[in-house]
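Trainee: Next input, structure requested:
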Amino acid sequence: MTNKIFMLMTFIGVPVSVIGTFMNWPSILLFILYCLTIIALSSYMGRATESLAIVAGPRIGGLLNATFGNAVELIISLFSLKAGLVGVVLASLTGSVLGNLLLVAGLSFFVGGLKFKRQKFNVFDARHNSGLLMFAIIVAFVIPEVFSMHMNDPKKLTLSIGISVTLIVLYLAALLFKLVTHRGVYQSDALSEHHDEEPEWGIGRAVFVLLIATLAVAYISEHLVHTFEYVAESFGWSELFIGIIIVAIVGNAAEHASAVMMAVKNKMDVAVEIAIGSTLQIAMFVAPVLVLVSLLFEKSMPLLFTWQELIAMASSVLLMVVISNDGETNWFEGLTLIAAYIIMGIGFYLL
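Mentor: Residues are numbered from 1 along each chain as shown. Here you go, the predicted model:
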């Protein structure tokens, strides 16, 4: 039933979005239409990822979901950078970290926990990811803010470029470690629980659906960016709130749908890989790439966040590390993560 609803939303939403764009419909109406269509397209990305996860395994399946899900975020951010909305881009990166660690993981743990009293996932992956999260957010994001306090703008940009290159190299090394040199070394029993399940789609169809959905999202996202300023003025929202809450939720709709779907089916290795893997990809790959790409635009983007953003991200990482390091979860831990997201959302709304 849910798939039929999303199919209807997609086949109506995409052509209507195109028509509305050319006919210059009111910005608020277009904003709502674009957001709903992106969410509907994300459901197809989630189903394709689930099929790939069954065939290729939870690590690669989760990585593919994070990559295609973050492609939406990257596309929205690129168009925002082109429009000179550096503040929105930095805020959306913050929102992605908070959204993945607190909202995506929280909903997955909560919904899955309502069906299963205890859900287990690979504790070795959890501990490996915890170290990378601590590095990516606390070392690579917080420390530069401290050093940049007494720097001029050119030096801040140089610092950001150096950090970005380092993050990209380490992220590629992390993929090499997990998928090549140490693949299967730290394997838990949970990884083989669903080996006999049949995928909904074959590999070819699943990859094709992912590509088409991503291209459609890219087109809609480009036009979504142009509605931000009008929507902000209409509702009295700040640039920070739009980036952290609105753009992040829409941009991460694919991860939301997929991770919750996996948790309901007790595939927690995939759900955790989506939530935490997506966060790592945002922090260690997407954000650095945006810094380097911004050099091509009129307004460059240094990798420097506000203290409110940094404290929120660091707190999210510490909370996730404490909750996930035992390799088990339940609905109450999920509710704790959701509560933290709500508290931070209220704070950013009132800023």
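Trainee: any idea of the pLDDT on the residue nearest to residue 243 when sequence neighbours are not counted?
Mentor: Distances taken as CB to CB, 6 or more residues apart in numbering place residue 91 nearest to residue 243, at 2.5 Å, with adjacent residues excluded. In this view, the C-beta of every residue, glycine as well, is placed from N, C-alpha and C. pLDDT, residue 91: 85.
Trainee: Quick check: residue 46 touching residue 261?
Mentor: Yes - taking contacts as CB atoms under 8 Å, residue 46 lies within contact range of residue 261: 5.8 Å.
Trainee: picking that back up, please report the distance of the residue nearest to residue 243 from residue 343.
Mentor: Using CB to CB, to the nearest Å, residue 91 is found at 17 Å from residue 343.
Trainee: These two: which has the busier surroundings?
Mentor: Set side by side, residue 91 and residue 343 show more neighbours around residue 91, with 27 against 12, by other CB atoms under 10 Å.
Trainee: picking up where we left off before, settle it for me: which of residue 46 and residue 261 has more neighbours?
Mentor: Set side by side, residue 46 and residue 261 show more neighbours around residue 46, with 27 against 22, by other CB under 10 Å.
Trainee: and that one, what element?
Mentor: Using DSSP states H and E, residue 46 maps to helix 27-56.
Trainee: what about the residue lying closest to residue 27 once chain neighbours are set aside, which helix or strand?
Mentor: Counting by CB to CB, 6+ apart, residue 27 lies nearest to residue 230, which is 3.9 Å off, once chain neighbours are set aside. Using DSSP H and E, residue 230 sits in helix 228-235.
Trainee: So which bits of that helix are buried?
Mentor: Residues of helix 228-235 classed as buried by neighbour count (16 or more other CB atoms under 10 Å): 228, 231-232.
Trainee: do stretch 164-174 as well
Mentor: Across stretch 164-174, burial judged by 16+ other CB under 10 Å covers 164, 167-168, 170-171, 174.
Trainee: now do stretch 10-28
Mentor: In terms of neighbour count (16+ other CB under 10 Å), stretch 10-28 has its buried residues at 10, 13-14, 17, 20-21, 27.
Trainee: starting at the chain centroid, how far to that stretch?
Mentor: Its chain's C-alpha centre and that of stretch 10-28 lie 25 Å apart, by CA atoms, centre = their mean, to the nearest Å.
Trainee: same thing with stretch 146-156?
Mentor: Relative to its parent chain, stretch 146-156 has a centroid offset of 28 Å by CA atoms, centre = their mean.
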